[in-house]
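Visitor: Model the following, please.
(one chain, ligands or ions: 1)
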Amino acid sequence: MKILLISPCPDDNQRHESMAIPQLTLPLIAGLTPQEHEIKIVEEVHNEVIDFDQEVDVVGISIMTQTAIRGYEIANEFKKRGKVVVFGGIHATVMPKEAILFGDAVVIGEAENGLWEQVLHDIESHSLKEFYKLDKYPELNHYVAPRRDLVQKVAGRFRLAPIETGRGCPYKCDFCTVPSSFGSKQRHKTVDCIIEDIESIEEKVLFFLDDNITINKKFARELFERMIPLKKYWVGQASANIVNDKELMKLARKSGCKGLLIGFESMTETGLNKYRKTFGSFEQNVQAIKTLQNNGIMTMASLVFGLDEDDKTVFDTAYNFIQKAKPAFLQACALTPYPGTAVFEKMKLENRILTDDWRQFDAKKVIISPKSMTADELQDGYSNIKDRVYSYPSILSRSLPNIFSGFGETALYFSLNIGARKWHKSGLTAKIFRNNADMPVDFDVTKYVKPVKKMVLA
Ligand code: B12
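Guide: Numbers count the residues shown, from 1 in each chain. The predicted structure follows:
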């Protein structure tokens, strides 16, 4: 069969001209596809255009919440042309009954352990079911090489190579979809497989997709040791307590680690103690960033604004934190109630979700009524902290501890900060999104996009 795998992109503002933001999902699905099939990948985020009239038998669409509506529009086009459409990805996993309105089948959760092969087999034998789901999370110790060769490379764009060592996260942050999709026990690929994968990658810089690469310290130690001779650079995600293990931190650096995204999440004491990934006090978290800097690792501090315990003083606390600790970058997220999370269930019950237009669920817009401030205060505070952190004086004042080891770091620091400043100034980051009075927030997606599937079948 001819199979087309698509990663949708909701609008032009999401597209990056200078840097290719990594995607592993579709090359991995392609790697799971038996060789007798012909397979192509289209990533809209990289400006690749979908030819709806091409000859194709099966269209697989991977959707996150923010990309779901675009995914459904794409499905409609292919359904009009009589093609078989299969959905997968995090949004399809948590909203399968919605996704099936637009497609012929939905893969709930992971596609390994023969599940995707089963879907393809059932399509060929005209016995396709609506939903496919494994009984338990698959072990990942069986190696499947991602088809990186299918991803289009654009000349002149800086590329990071995405790579995965495991799935699942033991921290149960109430706003995160990972525990409900990948489970709270971490499962790993084998170090041998990961090294084999790295050896096949031509890019110099790797992006580890894992939510926390150092949870299993023994595994991380072995991986980092084996990576040293490969002479790659890498960025990834970890929790602040990595600084408690000096040996591991130094090993990370020796293996090529240039930067870590650390989810501090909350700036209030209640929040810090609730999420338990970080240290319980402001001062200890400042020290954690400084320790990483002293060991040559840049930090992207990730903070969430609009948590129930956040009142409007949280923005000054956060700004003081940034100015004191001087992380290289700030990822500021406006609290977004993604379906499949405890925050979604709670806020839905309390009627505090202002819109059900999934396109607005990008963590950069205010789409909730916060508990301890108004939506306007959240919007202003959120916008203002980005103004302050990405002002030239702040960029300059944070630069020194981060550009310690040479030209590469200096270029990276300034280009990403200036890029973030430009992105923020373009006005995309702070708006309140609310449904109109005639559009109730009832989470019925068909008011935004009408399914054509049933019409075709009728
Ligand atoms: C890498 C990453 C990114 C990268 C690249 C994203 C991308 N498009 O690939 C970047 C940094 C750009 C990014 C950005 C964002 N991200 Co992000 N990201 C991740 C991360 C850490 C890893 C994703 C990944 O590649 N996993 C590994 C692959 C193999 O898993 P998978 O995609 O789920 O695929 C498996 C199954 O789902 C299934 N499957 C998936 N698609 C399909 C399709 C078919 C046809 C089939 C059969 C099966 C199938 O099979 C795969 C193998 O088993 C996840 C967290 C996580 N652990 O997953 C968050 C995550 C996906 N991101 C999230 C969010 C919110 C965002 C942002 C909106 C905001 C933000 N501040 O980060 C932006 C939006 C960007 C955009 N418009 O695309 C949320 C999504 C929640 C949701 N309900 O949508 C997640 C789950 C994080 C979280 N903590 O909740 N992200």
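
Visitor: Find the nearest non-adjacent residue to Ser180, please.
Guide: Gly340 (4.6 Å; CB to CB, 6 or more residues apart in numbering). Backbone N, C-alpha and C define where each C-beta goes, glycine included.

Visitor: what number of residues lie near the one you found?
Guide: 20 (other CB atoms under 10 Å).

Visitor: Point out where the protein drops to low pLDDT.
Guide: For the chain, the stretches with pLDDT under 70 are 12-22, 154-158, 271-278, 404-405, 427-430, 454-458.

Visitor: Nearest residue to whatever residue of it ends up closest to the ligand in space, please, no chain neighbours.
Guide: Taking CB to the nearest ligand atom, the ligand has its nearest neighbour within the chain at Gly88, 2.3 Å off. Residue nearest to Gly88 in three dimensions, not counting chain neighbours: Val107, with 4.0 Å by CB to CB, 6+ apart.

Visitor: Describe which strands the helix or strand encompassing the one you found pairs with in its sheet and in which direction.
Guide: According to DSSP states H and E, Val107 maps onto strand 105-108. Neighbouring strands of strand 105-108 in its sheet, by DSSP bridges, are strand 84-88 (parallel), strand 131-133 (parallel).

Visitor: Pull out the buried residues from the first one.
Guide: Meaning strand 84-88. Residues of strand 84-88 classed as buried by neighbour count (16 or more other CB atoms under 10 Å): Val84, Val85, Val86, Phe87, Gly88.

Visitor: Export those residues to CSV and append columns for distance to Asn402.
Guide: Below are the buried residues of strand 84-88 laid out as CSV (distance: CB to CB, whole Å):
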residue, distance to Asn402
Val84, 50
Val85, 46
Val86, 44
Phe87, 41
Gly88, 38
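
Visitor: In contact with Pro401, which residues are there?
Guide: Lys290, Gln293, Lys326 (CB atoms under 8 Å, 6 or more residues apart in numbering).

Visitor: export these to CSV and tack on secondary structure, neighbour count and distance to the ligand?
Guide: Listed next are these as CSV, based on DSSP: H, G, I helix; E, B strand; the rest coil; neighbours: other CB atoms under 10 Å; distance: CB to the nearest ligand atom, whole Å:
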residue, secondary structure, neighbour count, distance to the ligand
Lys290, helix, 17, 25
Gln293, helix, 19, 22
Lys326, coil, 20, 22
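
Visitor: picking up where we left off before, just list whatever residues bridge to the residue nearest to Gly88.
Guide: The partner residues for Val107, given DSSP bridges, come to Tyr132.

Visitor: gap between Ala105 and His126?
Guide: Going from Ala105 to His126 by CB to CB, to the nearest Å gives 13 Å.

Visitor: So between the two, which is more surrounded?
Guide: Set Ala105 next to His126 and count neighbours by other CB under 10 Å: Ala105 wins out with 23 against 6.

Visitor: Right, I'll leave it there.
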